[in-house]
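1. Pasting a predicted model and its sequence here:
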Amino acid sequence: MDDIQSNRIPRRGHVNESDKKMVVAALLCFFIGFLGLHRFYVGKVGTGILMIFTLGGFGIWVLIDLIMIITGSFKDKENRKLQRG
């Protein structure tokens, strides 16, 4: 029985939690959000490209993303919540 338990792979965080950090996404969004780099960071390449062409949705999209990141409702490409801390 001990052999079976020792072969288990330890998991970090919750199953539905992304490996991306909320703090990193928030900083990218705050400082260079108009380039959409926070969206590239979480794997949302398509919307990241759209943010480049619209300069962050003329600032509105960046503000909405920043609020969503801070409140914890922003998710990565695989629809997983970002890690806190």
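-> Good, I have the coordinates. Every value quoted in this text rests on a predicted model; they were computed, and no experiment measured them. Numbers count the residues shown, from 1 in each chain.

2. What is the neighbour count of residue 56?
-> 24 (other C-beta atoms under 10 Å). (Each C-beta comes from the backbone N, C-alpha and C, glycine too.)

3. mind listing what's buried in the helix or strand harbouring it?
-> According to DSSP states H and E, residue 56 maps onto helix 45-58. Neighbour counts over helix 45-58 (16 or more other C-beta atoms under 10 Å) mark 47, 48, 51, 56, 57 as buried.

4. Pull out the buried positions in stretch 31-38.
-> 33, 34, 35, 36, 37, 38.

5. Over to that stretch now: how far is its first residue from its last?
-> 10 Å (C-alpha to C-alpha, to the nearest Å).

6. That stretch: how far from the chain's middle?
-> 12 Å (C-alpha atoms, centre = their mean, to the nearest Å).

7. among the helices and strands of this protein, which one scores worst on average pLDDT?
-> Lowest mean confidence among the helices and strands of the chain (mean pLDDT, DSSP states H and E): helix 2-6, at a mean of 49.

8. All set now, cheers.
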